[in-house]
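Chemist: how would this look folded up:
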Amino acid sequence: MDTYSTLRELADSWVLLAMMVFYIVACVWAFRPGARSANDEAASIPFRHDDGALSNPKNRRPSDG
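Modeler: Residues are numbered from 1 along each chain as shown. Reported below is the predicted structural model:
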């Protein structure tokens, strides 16, 4: 059996199984009950410094009007 066939059989069976197990573990880890606070904090990152910077006329771009 040549190298290509061996690697092909390995990828078709065990690597696929390993990737599926990794995906399931990652999903379970991300949606575990203890992760709620970390997920809420990560979800609010874009809004942390949302203090209305564009409402200040000095910070407006000419295209903002």
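Chemist: just the helices in the chain please.
Modeler: In the chain, the helices defined using DSSP state H lie at 3-10, 16-30, 36-43.
Chemist: Mean neighbour count added to the ones you listed, as JSON lines?
Modeler: C-betas here are computed from N, CA, C, even on glycine. Shown next, in JSON lines, are the helices of the chain (neighbours: other C-beta atoms under 10 Å):
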{"stretch": "helix 3-10", "mean neighbour count": "10"}
{"stretch": "helix 16-30", "mean neighbour count": "10"}
{"stretch": "helix 36-43", "mean neighbour count": "10"}
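Chemist: out of these, nearest to His49?
Modeler: Comparing those against His49 with C-beta to C-beta, the closest turns out to be helix 36-43 (14.4 Å).
Chemist: In CSV, list the C-alpha atoms belonging to the closest one.
Modeler: What follows is helix 36-43, C-alpha atoms only, in CSV (Å, rounded to 0.1, in the frame of the first residue of the first chain):
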residue,chain,number,x,y,z
ARG,A,36,-22.6,32.9,30.7
SER,A,37,-20.7,35.7,32.4
ALA,A,38,-17.7,35.4,30.1
ASN,A,39,-20.0,35.3,27.0
ASP,A,40,-22.0,38.3,28.1
GLU,A,41,-18.8,40.2,28.7
ALA,A,42,-17.4,39.3,25.3
ALA,A,43,-20.7,40.3,23.7
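Chemist: Can we start the residue count at 146 from this point?
Modeler: I'll keep to 146 as the first residue from here, and by that count the last item is helix 181-188.
Chemist: and it, what's its mean pLDDT?
Modeler: Helix 181-188 shows a mean pLDDT of 90.
Chemist: cool, stretch 160-176 as well?
Modeler: 94.
Chemist: List of residues touching that stretch?
Modeler: For stretch 160-176, contacts defined as C-beta atoms under 8 Å, 6 or more residues apart in numbering pick out Ala180, Asn184.
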